[in-house]
Each structure stands twice: as structure tokens, then as C-alpha cells.
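**Student:** any chance you can model this:
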Amino acid sequence: MSATQPLDFLKETKKQIDGHIFDFLPSEHDHPEVHQFYQMMLDYPLRAGKGLRPAICLLICEAFGGNPQKALNTAAALELLQNWALIHDDIEDGSDLRRGEPCLHQKYGIPIAINVGDGLHCRMWEMLNRNADLLGYELAFEISSEFAQLSNSIVEGQHIELSWVENNRWNLTEADYWTMCIKKTASYTCITPCRVGALIAGSSKNETEPFINIGTNLGIAFQIQDDALNLIGEERLYGKEIGGDISEGKRTLILIHLLNACSPGEAKRITEIMGQHRADKDPDEIQEVLDLMKRYGSIHYAQQHAKTLAKKAYTQFNQAFSNLPASQAKDIFLDLISFLIEREY
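**Tutor:** Numbering: from 1, shown residues only. The predicted structure is shown next:
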């Protein structure tokens, strides 16, 4: 398969899922304020994005012999989850840009943005309720349970990350970073999309257990590449401000490696800069930290880790599901593993 096939599939899937979501979300109301609220709920879904999570759900469903049309509600719910989580995440991190445009709270203020995120969260559960007629009550309930566990995991992971910043904690290990990534990124980027896709295809819950390890490795690899792109990517492609993680004081594998590799004096200077509030950080200080990350090879170190984890996920998938018949869906999913660590956005 050509290298463009995963991208082509992502674009096609995003178009399909967007259509499903826009047919579902309300866009008009007689009351002017509610009408405005509905329009705001469409803001993040209308922005350009990868649509990675629904794509994985549909691919796994098809690869495991299921009908991907029966996974549309679940895939769309994953995209809705992504959007409400991003709105809240952007507020909590004080971010400026999301998908190349000002964050929702920058456009409308924090209280309104929080409420819009809550609105999309409610619609996510409503979308999942549609599975009762499509898949039957038992399977629909099982999928909703997966989303409930996922939602708990995301907010726990977010709390870990926010607490590190709030408590100005720097004595973190790579294991600490893995724990946060598993709860936050890996759970909703890979583990749950794979599991629910396989469940819709008819797999038992026990048969989806290998996706925990596969999705963990793949999800951490995805997050590491995201961390790297935040520092060395092109803002036009990446869609967020470059160096934003330094501005926000994010604890990444890159930063953890740097603090362990640099001199005590440099480490003191780095934590002084990183510990400042975002508004107090000077662009030259952000560049200073970035230069040190490059000098000590911290970005390269992290990206090599991402490649190792992605290869491990690839091998685990083939070993765990060696009896899975050859199919285009299976091939595209395996190609996506490489895409996740080679992408530029």
C-alpha cells in the first residue's frame, strides 16, 4: 500500500463522521441565545482535524469482520468526546490556538466555553444512546460502559498533569510520564477506539484485552510525537502555537530527559523559566529552553522512544491477532501505526 493511503482514509473518514455529527447536532433554535449556543457547539467540530480516533474504531471493526456502518454512532461519539475534552483542556492549559484558530475561550470567554464543552459532552451520551436500536441494548450498554471508564481515565490523567504544574513539581520520572499518558492520551486515542470497534464486530470483552497493551504503546508514541511537534513542527501544519508546552510548563518526556541530562545549574534555570506563569514567560526564555532541549538531544531521544513503542505495538498486534484474515482495513491500520510517529500535524 502506498504511504498516502492512511491519509486518504483519514480524510474520507473525517468527512463521513463530520456529516454524521452535523446531521445530529442541532444548529438552529427560536431562542437567540440557544441558537448562538448551538452555533458555538459546531465551532470545534467544524475545524480541520485528523479524525484519528473514529478512523481507528471503524478500521478495527471492519478488520475484525464487522460492518463499519454499525460503528458510526460510536465513532462519532469518540469525535464528540475529543472536541469537548479539547475545549476544557485548552482552558485549563491557557492555550491560544487550536487547529489553527483561536481557542474557544479566547473567542467567547471561559464561562461560555466551559458550557459549550459541557453541551458537547451531553450530546456524546445522546449519540451513544442511538446504539440501543442499532446494536441492541446489551452491546450498547457495554459500549457506554467503555465510554464511562474512558471519561474517568481522561479526567484522572488530566488531574495528574495539572497537579504537576499547580504544585511546581519537577522530580518526575519517565514512569510518571507513562502513567499520565496512559490515563489521558492512550486511553482515548487508541485503547478505547480499538476495543469498541472490536466489540461492535462481535468480539468478546476478553478478546479485546490485547488492545490494552497495544493501545498503551501506540498512544504513548502518539503523545511523544505530539510533544515533539509542539517544539519543532510548523505552526501552519500543527495548528497550535509552537513552543506552547514550554509556555504552559508541560512536563513531557523531552523535558524529563533534559533535566536529567543537563548540569545542575542549567536544571535550576530551566525550572525557574518553566515554573513561571505563562504570561510572565519571555519569548527569549522559551527559546532558551528549546535550545537546551536540542543541545542535549532530548527531542531526538523522545522520538526514538516513540519509534520503539510504535514498533512494539505493531508486533503485539500481529502476534495477538495472528489469525485475523488479511484485509485492506487491517493493512491501513498497520500503516497508521507508522503515520502516528511520522506525521507533521
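
**Student:** please tell me how far residue 107 sits from residue 329.
**Tutor:** Going from residue 107 to residue 329 by C-beta to C-beta, to the nearest Å gives 38 Å. C-beta: built from backbone N, CA, C; applies to glycine.

**Student:** what about the strands in the stretch 101-250 of the chain?
**Tutor:** 101-102 (DSSP state E, counting those that start in this stretch).

**Student:** show me where pLDDT drops low in it?
**Tutor:** Applying pLDDT under 70 to the stretch 101-250 of the chain picks out residues 234-241.

**Student:** mind running it again at 80?
**Tutor:** The model of the stretch 101-250 of the chain has pLDDT under 80 over residues 233-242.

**Student:** quick one, helices of it?
**Tutor:** Remark: helices assigned in the stretch 101-250 of the chain by DSSP state H, counting those that start in this stretch are 104-108, 110-129, 131-135, 137-166, 174-181, 192-200, 210-232, 235-238, 244-247.

**Student:** number of nearby residues for residue 204?
**Tutor:** Using other C-beta atoms under 10 Å, residue 204 has 9 neighbouring residues.

**Student:** return the backbone torsion pair for it.
**Tutor:** phi -80, psi 170 (degrees, to the nearest 10).

**Student:** quick one on the thing from earlier: out of the helices of the stretch 101-250 of the chain, which is closest to residue 72?
**Tutor:** Closest approach to residue 72 among the helices of the stretch 101-250 of the chain (C-beta to C-beta): helix 131-135, 8.4 Å.

**Student:** pull the residues that contact the closest one.
**Tutor:** Helix 131-135 is contacted from outside by 70, 73-74, 139-140, 143-144, 200, using C-beta atoms under 8 Å, 6 or more residues apart in numbering.

**Student:** farthest-apart pair in those, please.
**Tutor:** The widest separation within the contacts of helix 131-135, taken as C-beta to C-beta, falls between 70 and 144 and amounts to 15.3 Å.

**Student:** okay, residue 303: pLDDT?
**Tutor:** We note a pLDDT of 95 for residue 303 in this prediction.

**Student:** sorry, back to before: of residue 107 and residue 329, who's got more company?
**Tutor:** Comparing residue 107 with residue 329 by neighbour count (other C-beta under 10 Å), the higher total belongs to residue 329, at 21 against 12.

**Student:** so what's that one up against?
**Tutor:** Here residue 329 is in contact with 59-60, 62-63, 68 (C-beta under 8 Å, 6+ apart).

**Student:** kindly recompute the last result at 10 Å.
**Tutor:** Residues in contact with residue 329 (C-beta atoms under 10 Å, 6 or more residues apart in numbering) are 9, 58-66, 68, 197.

**Student:** mind listing what residue 117 touches?
**Tutor:** 40-41, 44, 83-91, 104-105 are the contacts of residue 117 under C-beta under 10 Å, 6+ apart.

**Student:** again, but for residue 155
**Tutor:** Residues near residue 155 by C-beta under 10 Å, 6+ apart: 85, 88, 183-184.

**Student:** from residue 167, how far out is it?
**Tutor:** Look at residue 155 and residue 167: by C-beta to C-beta, they are 18 Å apart.
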